[in-house]
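S.K.: Just need the structure, nothing else, for what follows:
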Amino acid sequence: MFTKILIANRGEIACRVIRTARAMGIATVAVYSDADAGALHVAMADEAVRLGPPPAAQSYLLADAIVAACKATGAQAVHPGYGFLSERTSFAAALEAAGIAFIGPPALAIAAMGDKIESKKLARAAGVSVVPGFVGEIADADHAVTIAAEIGYPVMMKASAGGGGKGMRLAFSEAELREGYQSVRNEALASFGDDRLFIEKFVTSPRHIEIQLIGDKQGNLLYLNERECSVQRRHQKVIEEAPSPFLTPDQRRAMGEQAVMLARAVGYYSAGTVEFIVSGATGEFYFLEMNTRLQVEHPVTEMTTGLDLVELMIRVAAGEALPLTQEQVRLDGWSVESRVYAEDPYRGFLPSIGRLTTLRQPREDATTRIDTGVIEGSEISIHYDPLIAKLITHGATREAAIDAQVDAIDAYVIRGLGHNLDFLSAVMQHPRFRAGELTTGFIAEEYPDGFHGAPLMDETLGWLIAAAATIHMRLAARAGAIDGKLIGHGPEWGDRWAVMLDGTRHDVRAIEAGEFTSVEWDGGALRVESAWSPGDPLFTAEIDGSAVSVAVERVGIGYRLTARGGKHMARVLTPRAADLQVHMIVRPAPDTSRLLLSPMPGLLTGVRVGVGDKVEAGQPVAVVEAMKMENILRAPRAATVKALRAAAGASVAADEVLIEFD
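M.R.: Okay, here's the model as predicted:
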């Protein structure tokens, strides 16, 4: 067994590997860029080696620098995590040449499966079901149009060396295909250094289901059941679960056996995943790709099988045989994983960067697990994926695992940047999601006009009113106890209040009664037991026997309360003040209708219009790149370009004016 390994990655996956290595008694070496000098994975490892500046191409993608770090520290093996160099044949070969073990599959298997075009040819030869499409290189946009016409729209363009949702576009027409073709090539080149594309038929009512594999060097290959990853946004997985609510035992066996067949055809060992697209209408499944690495969503498999995939990968790399047979692979209960991203779902899921000024995470226990690479004070950088954490829950049933997700999300507090916690909670509560009626179009279909918060349920309304009243009473009591206040200038104290929640008035009587607070309102009476004190960003309580968590943020004289997937503004006033506030004048928001604002911080890679040009509504006018994704900005309406406020190549901030229209 190895005594020291290097983790050629960053963030939560580096921390995840370090935890397992430490439990196995193996010393660890971290690598880092200048942007990650103070990162959690660097602090957790026994040693750390600097690679270079923040851009991945100058740090985490430098295979030679990582080999040199192994030699300098005496690391005998490298775990690549996922992304970066994890599926680079040249990296695995470089390690082998240096006498360093690669904790992953053989280089030949990476080469065979890493090229999406060649992998489909191999899958077809191995007898695996493959999606109809063009398996070959595409010369240019005209060639792509010809191919799409033969296959039939809709079609999906994909980067041959792609993964992680990068370098993919769905096209329903020739116009959409031509418009997206160059963007896909640009994203592919920026993310993978390879701009080759392929095109395949888009399966309607598609479900994304994948089979986890593990194999050893002795020829043993097992499938560890399936994961469903159908809830996606821009082809990036958002929520995953194991098992799938759709598959039958017979389908699971058939897909598992095909995955093993394909892996055997390329001499595979270590952890890997075979991804399938499954028709929700017919149940037919087709091979998509094989990921020759650990997947982001591997924890749900671990939670339902009781296996540690990272430990198995390390043991396989050291030459050990798998400790179980296919018959011994178990399926225990249900597990759900949600990806907590630094993005703003209220603004079209735009990436958010900045410092985590506040980070309060749910408590980990037998049913709740958090894989993260950040701590309070960490920086989410424009250079890397905006993942904050993976929240994984387990339950005896799917409903129990989902309910645990909702409760755990409520127990999160993140401040300093945008995040998608509200959206994740809303999905978990969505009737269609809870029914398991999923497709890869779920988000687009259920939120066609964007996300505006989860619907406010009656029970949640009562909790928010009770929380607002209790919070305000305790703040008022503290303020009233402060010395030095002038008589008549302190808060009015009493048991009658008007809770203004999202502009609606609720008259409340709130009384502190020893160990609990009694809150009576127009919807009933609630008993609130809480140890909350002023300054705590999370209000936790037992409200009529239910455990409740509400994030609290002071905004002016009011409070922003977040719970159950929604943000709500609350003000607690005396009845007299509430009567008078109807006479207050509200200033209108500034008019920005003639401006094109950058929706996110990033690099302005292109401006497609000039001063004096006439544009039509929806016409592409600029391109902003952030997190390696190209975002095409369009004219909001027919107009004439009056001024260009930023030039191509400029770094722009969120809401920065790019173009002014006349």
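S.K.: Secondary structure element holding residue 75?
M.R.: Secondary-structure assignment from DSSP states H and E places residue 75 in no helical or strand segment.
S.K.: what bridges to the nearest residue to it once chain neighbours are set aside?
M.R.: What sits nearest to residue 75 in space, not counting adjacent residues and going by C-beta to C-beta, 6 or more residues apart in numbering, is residue 6, at 3.9 Å. For the C-beta atoms, the positions are set from N, CA and C on the backbone; glycine is no exception. Note on residue 6: beta-bridge partners by DSSP bridges are residue 29, residue 78.
S.K.: Quick check, residue 6 in contact with residue 71.
M.R.: No. Using C-beta atoms under 8 Å, residue 6 is not in contact with residue 71, being 10.2 Å away.
S.K.: Comparing those two, which residue is more hemmed in?
M.R.: Under the criterion of other C-beta atoms under 10 Å, the comparison of residue 6 against residue 71 puts residue 6 first, with 30 against 11.
S.K.: dump the residue contacts of the more buried one.
M.R.: With contact set as C-beta atoms under 8 Å, 6 or more residues apart in numbering, residue 6 has these partners: 28-31, 49, 66, 69-70, 73, 75, 77-79.
S.K.: so how far is residue 310 from it?
M.R.: Separation of residue 6 from residue 310 (C-beta to C-beta, to the nearest Å) stands at 14 Å.
S.K.: repeat for residue 623
M.R.: Here the distance between residue 623 and residue 310 works out to 39 Å (C-beta to C-beta).
S.K.: Run a quick neighbour tally on residue 406.
M.R.: A count of nearby residues for residue 406, using other C-beta under 10 Å, gives 19.
S.K.: And what about it, helix, strand or coil?
M.R.: Under the three-state scheme (DSSP: H, G, I helix; E, B strand; the rest coil), the conformation of residue 406 reads as helix.
S.K.: Please name the nearest non-neighbouring residue to it.
M.R.: Beyond its immediate neighbours in the sequence, the residue positioned closest to residue 406 (C-beta to C-beta, 6+ apart) is residue 428, lying 4.9 Å away.
S.K.: close enough to count as contact, the one you found and residue 405?
M.R.: Yes. The pair formed by residue 428 and residue 405 meets the contact definition of C-beta under 8 Å, at 4.9 Å.
S.K.: overlap in contacts of these two?
M.R.: Here residue 428 and residue 405 have 336, 338 as joint contacts, going by C-beta under 8 Å, 6+ apart.
S.K.: per the record, what domains does the chain have?
M.R.: Per automatic domain parsing, the structural domains of the chain span 4-103, 132-201, 206-446, 458-583, 595-661.
S.K.: Quick one: closest of those to residue 118.
M.R.: Among those, the nearest to residue 118 by C-beta to C-beta is domain 132-201 (8.4 Å).
S.K.: any idea how far that closest one is from the chain center?
M.R.: Mean-position distance between domain 132-201 and its chain equals 24 Å (C-alpha atoms, centre = their mean, to the nearest Å).
S.K.: Compute the first-to-last residue distance for that domain.
M.R.: 6 Å (C-alpha to C-alpha, to the nearest Å).
S.K.: Okay, now the unreliable bits of this structure?
M.R.: 135, 162-165, 480-493, 586, 627-628 (pLDDT under 70).
S.K.: if we can go back for a sec, secondary structure element holding the residue nearest to residue 406?
M.R.: With elements taken from DSSP H and E, the one containing residue 428 is helix 421-429.
S.K.: List the buried residues for the next helix or strand after that helix?
M.R.: Past helix 421-429, heading to the C-terminal end, the next element that is a helix or strand (DSSP H and E) is helix 431-434. Within helix 431-434, the residues that qualify as buried are residue 433, counting by 16 or more other C-beta atoms under 10 Å.
S.K.: what comes up buried for whichever helix or strand comes after helix 431-434?
M.R.: Of the helices and strands lying after helix 431-434 in sequence (DSSP H and E), the nearest is helix 442-446. For helix 442-446, the neighbour count (16+ other C-beta under 10 Å) marks 442-443 as buried.
S.K.: likewise stretch 175-182?
M.R.: 176-177, 180-181.
S.K.: Out of those residues, which two sit at the greatest distance?
M.R.: Greatest spatial distance among the buried residues of stretch 175-182 (C-beta to C-beta): 176 and 181, at 9.5 Å.
S.K.: what is in contact with the two at once?
M.R.: Shared contacts of residue 176 and residue 181 (C-beta under 8 Å, 6+ apart): residue 169.
S.K.: of all the domains of the chain, which lies closest to residue 109?
M.R.: Ranking the domains of the chain by their distance to residue 109 (criterion: C-beta to C-beta) puts domain 206-446 first, at 4.4 Å.
S.K.: first to last residue in the closest one, what's the distance?
M.R.: 15 Å.
S.K.: now that domain: how far from the chain's centre is it?
M.R.: Taking C-alpha atoms, centre = their mean, one finds domain 206-446 lying 10 Å from the centre of the chain it belongs to.
S.K.: picking up where we left off before, compare neighbour counts for residue 623 and residue 310 and give me the winner.
M.R.: Taking residue 623 and residue 310 together and counting by other C-beta under 10 Å, residue 310 has the greater number of neighbours (24 against 19).
S.K.: Now do the phi/psi pair for the more buried one.
M.R.: Listed backbone geometry of residue 310 is phi -70, psi -40, with angles given as degrees, to the nearest 10.
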